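[1] pasted the sequence and its predicted model underneath.
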Amino acid sequence: MLYFTLKAALSGLLAALVAEIARRYPGWGGLVASLPLTALMAMVWTFRDTRDAAKLAALSQSTFWFVIPSLPLFVILPVLIRGGVSVWAALAIACAVTVALYAAFFAIAPRLGITL
């Protein structure tokens, strides 16, 4: 339980750090947020916990494929906000579109020979 708490605290600290950087310097915050830090932490934790390189490779490959349907969120959100949609509504719409794209990707990926 202590190990899980440590992982959660470090992961939460990273998220808080990104938010604090973004509050002061939006451009730098965007840069730090765009880094695959969460994925890297998950990969480190996974390998440390399992010592299974194949699981690490599968996690990395799945992460790559799931980045694709998540990218439109970062286009839709600012377009909606700049178009006058409230922040919370814009977030909800962008998230709903992202969920729909994930669902579509789950349906399409096997037909393309992509293993998730």
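    Ah, there it is.

[2] measure the residue sitting furthest away from the middle of the chain to residue 74 for me?
    For the chain, the residue at maximal distance from the C-alpha centroid (C-alpha atoms, centre = their mean) is residue 84, at 25.8 Å. As judged by C-beta to C-beta, to the nearest Å, residue 84 and residue 74 stand 19 Å apart. (Each C-beta comes from the backbone N, C-alpha and C, glycine too.)

[3] also residue 43?
    With C-beta to C-beta as the criterion, residue 43 and residue 74 are 22 Å apart.

[4] neighbour count winner among these two?
    residue 43 (17 against 13; other C-beta atoms under 10 Å).

[5] how far away is that one from residue 60?
    For residue 43 relative to residue 60 (C-beta to C-beta), the value is 6 Å.

[6] give me phi/psi at residue 52?
    phi -110, psi 100 (degrees, to the nearest 10).

[7] neighbours of it, how many?
    Counted with other C-beta under 10 Å, residue 52 comes out at 12.
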